[in-house]
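J.: Provided below are the primary sequence and the corresponding predicted coordinates.
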Amino acid sequence: MTDTEHGAPRTAAAFRTVYGAQPHGIWAAPGRVNLIGEHTDYNDGFVMPLALPHTTLAAAAPRTDGVLRLHSGGADGGVVELRIDALHPVPGSASETLSASRGGAQRSGGWAAYPAGVVWAMREAGLPVGGADLHYDSTVPTGAGLSSSAALEVVTALALNDLYALGLEPQRLARLAQRAENAFVGVPCGIMDQTAAACCTAGHALFLDTRDLTHRQVPFDLAGEGLRLLVVDTRVKHELGDGAYAERRAGCERGARALGVRALRDVSPAQLPDALAHLADEPQLQALVRHIVTENHRVEEVIACLDAGRTRAIGPLLTAGHASLRDDFAISCRELDLAVDTATAAGALGARMTGGGFGGSAIVLVEEADAATVGKAVTEAFAAAGHTAPRIFEAVPSAGAHRIE
Ligand code: GLA
């Protein structure tokens, strides 16, 4: 039994306590780390996430009166009650404004906008979704760049898919979840996190082409090869909605327009020198373009290594990806750099920040025999620099969203 399944009885019991009835089922969706391919997903590029063993569980039951009730074991504030026909996206809305701006619905706190947004997105798509009672418990760290929001969205979409017998494929659920986050919550994220939560499988990384959404499960048996992938949660909370992510995205779109391509994915490494020359007057745009083009190529190189059974060879590619995110994309921070520099100096095969940036987590590829030493070196370096102690744990490639009972 996995940790996720262990948590299910507690989640069912909490549902009974909150709503005074039995849930009709329990569903799970995981957090993720991205192995390589950062900020490429809104450039029609390649990404390669894997699911974490950390999950968000939802216990749920349908309602016939058009009411949506949401409760989280991890958030203060009691049950959030909303009418599904009163859910409307507000231009520029942040999750905080869910209540006041949406037809007098009860005050929510930020988290409820994600599941509410999923219900809205499903109904906007014409799907016959009614009300529901939902209770959530989660072991996905929040604000750590590990996609707790996507886990919450996707577990909600999957639960509603089953409760209302919609028969939707995982990738469709991912797109609905992304629509909820883009249009309802107001975060202009790409499709990677929701696809990872919906489509990853245990023992694999997911190679996704975000242009046409074709994907391939790539075997990633770290333990079998005597390797470990560590996650270093720097405890620096990142916030995707704060404008810097949107700025990078807008910059990439401007770069593509300036170069006359549909998306930066269409610039090959061989075309990069010409592209950079074309943007000579705009050094910031040059840097964004250079990151995207080289990062997309790094994904292809990582795939080639994994397909050839040369897992250790991906280490330097990960570290090169970090340098590109730090120097060209300018989204790292002191703590992430310290984690990466310390880990590589202490013998890791490679390391990089993962996710949106500006805090959150780094990943470290390391020989199993060196994992403890490398982890200790990072912890000590954080203490010496006066940073909050990082949380370090292993990323075991785990299952995507599924029904538990
Ligand atoms: C966040 C977004 C993703 C992706 C990453 C960066 O996690 O939600 O869509 O853009 O940042 O790779």
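T.: That came through, no problem. Numbers count the residues shown, from 1 in each chain.

J.: for the chain, what spans make up the helices?
T.: Assigned by DSSP state H, the chain shows helices spanning 3-19, 98-101, 113-124, 148-163, 170-179, 192-199, 244-259, 272-278, 283-307, 315-327, 334-345, 371-384.

J.: Identify whichever of the ones you listed lies nearest to the ligand.
T.: helix 192-199 (4.5 Å; CB to the nearest ligand atom). Where you see a C-beta, it was placed from the backbone N, CA and C, and this is true even at glycine.

J.: tell me which parts of this protein are close to the ligand?
T.: For the chain, the residues in contact with the ligand (CB under 6 Å from any ligand atom) are 34, 38, 39, 41, 42, 189, 190, 192, 193, 240, 355, 356.

J.: mind redoing it with 5 Å?
T.: Applying CB under 5 Å from any ligand atom, one finds that the chain approaches the ligand through 38, 39, 41, 189, 190, 192, 193, 355, 356.

J.: if I look at the nearest residue to residue 261 once chain neighbours are set aside, how far off is residue 190?
T.: For residue 261, ignoring the flanking residues on the chain, the nearest one in space by CB to CB, 6 or more residues apart in numbering is residue 267 at 6.0 Å. Residue 267 is 18 Å from residue 190, where distance means CB to CB, to the nearest Å.

J.: Measure how far the top strand by length along the chain is from the centre of its chain, please.
T.: Using DSSP state E to define each element, the chain has its longest strand at strand 49-63. How far strand 49-63 lies from its chain's middle: 13 Å, per CA atoms, centre = their mean, to the nearest Å.

J.: for that strand, packing partners?
T.: Judged by 3 or more CB pairs under 8 Å, 6 or more residues apart in numbering; DSSP states H and E, strand 49-63 is in contact with helix 3-19, strand 25-34, strand 131-138, helix 148-163, helix 192-199, strand 204-209.

J.: got a markdown table for these, with mean neighbour count too?
T.: Formatted as a markdown table, the helices and strands packed on strand 49-63 follow (neighbours: other CB atoms under 10 Å):
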| stretch | mean neighbour count |
| --- | --- |
| helix 3-19 | 17 |
| strand 25-34 | 29 |
| strand 131-138 | 24 |
| helix 148-163 | 29 |
| helix 192-199 | 30 |
| strand 204-209 | 24 |
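
J.: for the protein, which spans come out with low pLDDT?
T.: Counting by pLDDT under 70, the chain shows low-confidence ranges at 1-3, 5, 90-109, 240-241.

J.: run the last query once more with 80
T.: Applying pLDDT under 80 to the chain flags residues 1-6, 90-109, 238-242.

J.: ok, back up a step: and residue 391, which of the helices and strands packed on strand 49-63 is closest to it?
T.: Nearest to residue 391 among these is strand 25-34 (12.8 Å), distances taken as CB to CB.

J.: Parallel or antiparallel, list what pairs with that closest one.
T.: Sheet pairing for strand 25-34, assigned by DSSP bridges, gives strand 49-63 (antiparallel), strand 402-403 (antiparallel).

J.: dump the residue contacts of the residue in the stretch 301-405 of the chain positioned nearest to the ligand.
T.: Using CB to the nearest ligand atom, the closest approach of the stretch 301-405 of the chain to the ligand is made by residue 356 at 3.4 Å. By CB atoms under 8 Å, 6 or more residues apart in numbering, the contact list for residue 356 reads 39, 145, 189, 238, 240, 245, 331.

J.: Neighbours of the first one, how many?
T.: Spelled out, that is residue 39. 27 (other CB atoms under 10 Å).

J.: Please name the residues that touch it.
T.: 248, 249, 252, 291, 292, 295, 325, 329, 331, 356, 357.

J.: ok, now with 10 Å
T.: Residue 39 is in contact with 45, 47, 190, 192, 245, 248-249, 252, 264, 288, 291-292, 295, 324-325, 329, 331, 355-357, counting by CB atoms under 10 Å, 6 or more residues apart in numbering.
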